[in-house]
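Engineer: Have a look at this fold, sequence not included:
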Ligand SMILES: [Zn+2]
Ligand SMILES: [Zn+2]
């Protein structure tokens with residue numbers, strides 16, 4: 001009797017503990033107010049970098065300095081090297097270029113660490129970069145087009161002022177000198193997903209360590225709700241959700257939402273589901289649409305940066321997703337992918353869910369961008385005044401589920417292949433690589449769900465694709481990965497793509513598109529390779 005009571009008590013305790021743990025998941029969900037995205041991205045550095053600066057630059061009289069390293073685009077300083085051989089005087093600091101270049105070339109760059117800026121000290125009272133400092137930063141940025149901004153905080157030292165302080169500044173391409181808030185936090189220890197029983201049966205199916213460090217940035221989380229939840233089930237560790245809407249009754253039949261979520265913001269409902277699935281995933285929610293108030297700099301921070309939370313963490317790969325049926329938002333996300341040099345995935349449901357479409361692009365993987373693959377649609381919208389009238393009315397849930405399922409393999413493949421911590425000997429590599437290699441030059445995917453799609457939507461390609469190979473076989477629920485070449489007269493005969501320039505190497509585009517909010521209708525000038 002006593003034993004039974006003990007067991008009952010233990011079970012009750014366990015139940016209580018579980019409920020408690022799930023309630024605590026909210027610490028892994030962080031809302032970013034849209035207004036916060038208007039401020040320049042803060043200067044984020046690890047506690048160890050900050051201590052090291054204080055121990056070196058901060059502990060001797062001005063001027064001295066050191067170099068900042070981290071993942072390009074993240075604005076997050078994880079590496080620091082004190083420049084012991086610089087030519088310094090009481091009023092100037094000239095970095096030792098030969099030594100620092102060698103450090104970058106031989107140590108940092110092979111480890112995917114890029115130059116992010118310099119910290120240097122000024123004499124007491126001089127807390128801003130000088131004109132000479134600005135010219136120096138400009139020279140470096142001219143030489144590195146991918147560098148979006150050059151971090152240049154100014155330190156006041158203990159011997160000069162009695163205290164060590166750092167004043168955050170960056171030189172940006174469009175705004176010149178910007179003052180930055182600073183954040184100093186400990187670096188996050190990498191998550192080891194294999195220690196969670198949740199992923200015990202898929203440890204050979206995916207490179208779990210690569211996915212645990214990966215980030216999905218989803219513009220829209222309505223129809224894609226199921227997909228996002230499933231990505232948590234695959235072990236993806238970071239999610240940024242951008243959506244202005246709330247869950248409404250009609251969403252029950254068309255999206256993966258629940259009655260208990262009616263009235264909740266879609267970003268909050270999705271975040272709750274993700275943290276209920278994954279024992280470690282973190283979610284940042286932005287309750288807004290991707291409109292023109294969200295700048296490219298803000299998107300860069302969401303894609304690469306260390307986001308608000310208890311520690312400094314930079315994603316090991318990122319997939320930027322256009323999960324909206326608004327053409328202009330999709331077009332902006334595609335351009336953001338090119339400008340930032342990051343993989344993009346988009347999905348679309350056709351009229352009455354009779355077919356679905358997936359597009360994707362990734363520098364170094366797909367030669368064509370999404371605009372190359374869907375140039376006809378761009379022309380319809382931009383030149384023929386087309387307006388989208390397709391809504392989710394009359395769309396069976398099956399179409400949404402099918403679209404979400406078809407995105408899986410691409411998302412996992414892109415996040416793994418592009419991961420900085422990818423294990424090339426992982427058992428999943430041959431399978432993932434074979435799939436990505438096969439689809440890289442076929443980045444427009446059409447899935448016909450309707451056996452009469454040739455007459456209902458006028459899409460004959462499903463019938464012809466099968467008729468050509470196998471007589472008598474019915475084409476139903478068929479996915480066609482359509483071959484794509486970059487749009488350029490000498491490539492496929494089409495006019496040059498105004499977004500990627502049609503060079504066949506999307507990494508050419510990084511940092512060269514200008515403001516992605518402006519959608520060009522034609523090629524303004526040939527971009528140099
Ligand atoms: Zn200076
Ligand atoms: Zn293109």
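Structural biologist: Done, it's in. As the structure is a prediction and not an experimental result, all values here were calculated from the model. Ligands and ions are numbered 1, 2, ... in the order given.
Engineer: What's the end-to-end length of stretch 150-161?
Structural biologist: Terminal residues of stretch 150-161 are spaced 26 Å apart (Cα to Cα, to the nearest Å).
Engineer: Where does residue 433 sit: helix, strand or coil?
Structural biologist: Here residue 433 is recorded as helix under DSSP: H, G, I helix; E, B strand; the rest coil.
Engineer: tell me the contacts of the closest residue to it other than its chain neighbours?
Structural biologist: Leaving aside its chain neighbours, residue 433 sits nearest to residue 417 (7.2 Å; criterion: Cβ to Cβ, 6 or more residues apart in numbering). Bear in mind the C-beta positions are built from the backbone N, C-alpha and C, glycine included. Going by Cβ atoms under 8 Å, 6 or more residues apart in numbering, residue 417 touches 362, 365, 432, 433, 436.
Engineer: Take those residues and write them to TSV, including distance to ligand 2, pLDDT and neighbour count.
Structural biologist: Conversion of the contacts of residue 417 to TSV gives the following (distance: Cβ to the ion, whole Å; pLDDT from 0 to 100; neighbours: other Cβ atoms under 10 Å):
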residue	distance to ligand 2	pLDDT	neighbour count
362	13	98	24
365	14	97	20
432	25	92	22
433	24	93	14
436	19	94	20
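Engineer: Could you pull up phi and psi at residue 141?
Structural biologist: phi -70, psi -30 (degrees, to the nearest 10).
Engineer: tell me which parts of the stretch 251-400 of the chain are close to ligand 2?
Structural biologist: By Cβ under 5 Å from the ion, the residues of the stretch 251-400 of the chain that approach ligand 2 are 369, 371, 372.
Engineer: How many residues are close by the last one?
Structural biologist: It stands for residue 372. Counted with other Cβ atoms under 10 Å, the neighbours of residue 372 add up to 31.
Engineer: Grab the nearest non-local neighbour of it.
Structural biologist: In space, and not counting its chain neighbours, residue 372 is closest to residue 487: 4.2 Å by Cβ to Cβ, 6+ apart.
Engineer: if I look at the one you found, how far off is residue 184?
Structural biologist: 46 Å (Cβ to Cβ, to the nearest Å).
Engineer: more crowded one of the two?
Structural biologist: Taking other Cβ under 10 Å, residue 487 and residue 184 do not tie; residue 487 has more neighbours (25 against 17).
Engineer: quick one: contacts for residue 300?
Structural biologist: Taking Cβ under 8 Å, 6+ apart, we find residue 300 in contact with 41, 73, 75, 148, 340.
Engineer: Scan the residues you listed and report the most crowded one.
Structural biologist: Per-residue neighbour counts (other Cβ under 10 Å) across the contacts of residue 300 peak at residue 75, which has 28 neighbours.
Engineer: right, and it touches residue 43 too?
Structural biologist: Yes. Using Cβ atoms under 8 Å, residue 75 is in contact with residue 43, at 7.1 Å.
Engineer: Need the residues touching each of these two.
Structural biologist: Residues touching both residue 75 and residue 43 (Cβ under 8 Å, 6+ apart): 151, 170.
Engineer: For whichever residue of the stretch 51-200 of the chain sits closest to ligand 1, give me its contacts.
Structural biologist: Using Cβ to the ion, the closest approach of the stretch 51-200 of the chain to ligand 1 is made by residue 133 at 4.1 Å. Taking Cβ under 8 Å, 6+ apart as the criterion, residue 133 is in contact with 120, 152.
Engineer: about what we covered before: in helices only, show me the contacts of residue 300.
Structural biologist: Counting by DSSP state H, the contacts of residue 300 place residue 340 in helices.
Engineer: Pipe the contacts of residue 300 into a markdown table and attach pLDDT per row.
Structural biologist: Shown next, in a markdown table, are the contacts of residue 300 (pLDDT from 0 to 100):
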| residue | pLDDT |
| --- | --- |
| 41 | 91 |
| 73 | 85 |
| 75 | 87 |
| 148 | 87 |
| 340 | 95 |
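Engineer: per-domain residue ranges of the protein.
Structural biologist: 38-185, 193-509 (automatic domain parsing).
Engineer: Okay, and residue 300 sits in which element?
Structural biologist: Here residue 300 sits within helix 296-304, counting by DSSP states H and E.
Engineer: need the residues of this structure near ligand 2, please.
Structural biologist: Residues of the chain lying close to ligand 2 by Cβ under 5 Å from the ion are 369, 371, 372, 497, 499, 500.
Engineer: Which residue, neighbours along the chain excluded, lies closest to the second one?
Structural biologist: Going back to what we said before, that points to residue 371. Residue 371's closest residue in space is residue 499 (Cβ to Cβ, 6+ apart), at 4.4 Å.
Engineer: Would you map the helices across the stretch 251-400 of the chain?
Structural biologist: Taking DSSP state H, counting those that start in this stretch as the test, the helices found in the stretch 251-400 of the chain are 251-254, 266-277, 296-304, 327-340, 370-373, 375-383, 397-417.
Engineer: List the buried residues for the longest one?
Structural biologist: For helix 397-417, a neighbour-count test (16 or more other Cβ atoms under 10 Å) marks 397, 399-400, 402-404, 406-407, 410-417 as buried.
Engineer: Looking at those, which is nearest residue 258?
Structural biologist: Each of these was scored against residue 258 by Cβ to Cβ, and residue 397 proved nearest at 14.0 Å.
Engineer: ok, the closest one to residue 262 distance?
Structural biologist: Between residue 397 and residue 262 the distance is 18 Å, computed by Cβ to Cβ.
Engineer: circling back: give me the angle between the helix holding residue 300 and helix 327-340.
Structural biologist: 70 degrees (axes from the mean of the first three to the mean of the last three Cα atoms, to 10 degrees).
Engineer: Counting neighbours, which bits of helix 296-304 end up buried?
Structural biologist: For helix 296-304, by 16+ other Cβ under 10 Å, it's 296, 297, 298, 299, 300, 301, 302, 303, 304.
Engineer: now those residues as JSON lines including distance to residue 171?
Structural biologist: As requested, these are arranged in JSON lines below (distance: Cβ to Cβ, whole Å):
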{"residue": "296", "distance to residue 171": "17"}
{"residue": "297", "distance to residue 171": "13"}
{"residue": "298", "distance to residue 171": "18"}
{"residue": "299", "distance to residue 171": "20"}
{"residue": "300", "distance to residue 171": "15"}
{"residue": "301", "distance to residue 171": "17"}
{"residue": "302", "distance to residue 171": "22"}
{"residue": "303", "distance to residue 171": "21"}
{"residue": "304", "distance to residue 171": "18"}
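Engineer: Please report the number of neighbouring residues for residue 223.
Structural biologist: Residue 223 sits with 26 neighbouring residues when counted by other Cβ under 10 Å.
Engineer: nearest residue to it other than its sequence neighbours?
Structural biologist: Counting by Cβ to Cβ, 6+ apart, residue 400 is the residue found nearest to residue 223 once chain neighbours are left out, at 5.1 Å.
Engineer: dump the residue contacts of the one you found.
Structural biologist: 223, 226, 254, 255, 256, 349, 353 are the contacts of residue 400 under Cβ under 8 Å, 6+ apart.
Engineer: can you do 7 Å?
Structural biologist: Neighbour list for residue 400: 223, 254, 255, 349 [criterion: Cβ atoms under 7 Å, 6 or more residues apart in numbering].
Engineer: if we can go back for a sec, so how far is residue 77 from the residue nearest to residue 372?
Structural biologist: Computed as Cβ to Cβ, the residue 487 to residue 77 distance reads 39 Å.
Engineer: same check, this time on residue 300
Structural biologist: 16 Å.
Engineer: what do you get for residue 152?
Structural biologist: Distance, residue 152 to residue 77, by Cβ to Cβ: 12 Å.
Engineer: which residue ranges form the helices in the stretch 101-250 of the chain?
Structural biologist: 131-143, 158-161, 208-212, 225-233.
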